[in-house]
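**Q** Predicted model follows, preceded by the sequence.
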Amino acid sequence: MGFHHLALFLHLTGVTLWVGGMAFIRFCLISPSLTTAQWATTLGKFFPLSWASIALIVLSGGFMLIVTGTAQAPRAWVWMSFLGAAMIAIYASLWFAPWKQLCAALKRGDAAQGKAASLRINRRLDMALALAVLTATAATLGLAV
């Protein structure tokens, strides 16, 4: 087993944890019986895992790109990198805006603002997940183009 295989394993592990976690939160966890505070608690536990996963994805992907060489890398890798960077930007915007607003609303006991922040988080998760599908498409089917 070479370093490329290890890097690919780490890359796919990071993607699985991050994207799988976002999908679970967005489509399975959210329910009318879950309070905004419970949802915020769950998100608060997910964020450290997601940021670690993102770091793993960036480091392993960067390693594979550097070792392969950008001139020799498949064009699909360029698209995957671009789309992945866009996903990270959306996710970071989720963290720095609606997540902080949700936490502040919960501290103030402002249920309406907490609900509004939750809806903004959901929209950004939807955008990140849509980009995840495009990224997976570029990473796999893009190799055939």
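**A** Perfect, I can see it now. For clarity, every value in this text was computed on a predicted model and none was experimentally measured.
**Q** Tell me which residues are up against stretch 99-116.
**A** When contacts are defined by Cβ atoms under 8 Å, 6 or more residues apart in numbering, stretch 99-116 is touched by residues 36-37, 40, 43, 47, 117-118, 120-121. No exception for glycine: its C-beta is placed from N, CA and C like everyone else's.
**Q** Please indicate which of the residues you listed are buried?
**A** Neighbour-count burial within the contacts of stretch 99-116 applies to 36, 40, 43, 117-118, 120-121; the criterion is 16 or more other Cβ atoms under 10 Å.
**Q** pLDDT averaged over stretch 18-25, what's the number?
**A** Looking at stretch 18-25 alone, the average pLDDT works out to 94.
**Q** can you check stretch 132-145 too?
**A** Mean predicted lDDT for stretch 132-145 stands at 87.
**Q** Just the buried positions in that stretch, please.
**A** By 16+ other Cβ under 10 Å, the buried positions in stretch 132-145 come out as 132, 134-135, 138-139, 142.
**Q** Same list, those, but as a markdown table with distance to residue 53 please.
**A** As requested, these are exported to a markdown table (distance: Cβ to Cβ, whole Å):
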| residue | distance to residue 53 |
| --- | --- |
| 132 | 12 |
| 134 | 18 |
| 135 | 14 |
| 138 | 19 |
| 139 | 16 |
| 142 | 22 |
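**Q** helices and strands around the biggest helix by length in the chain, which ones?
**A** Among the segments of the chain that qualify as a helix by DSSP state H, the longest is helix 36-68. Counting contacts by 3 or more Cβ pairs under 8 Å, 6 or more residues apart in numbering; DSSP states H and E, helix 36-68 packs against helix 3-24, helix 75-94, helix 100-108, helix 111-140.
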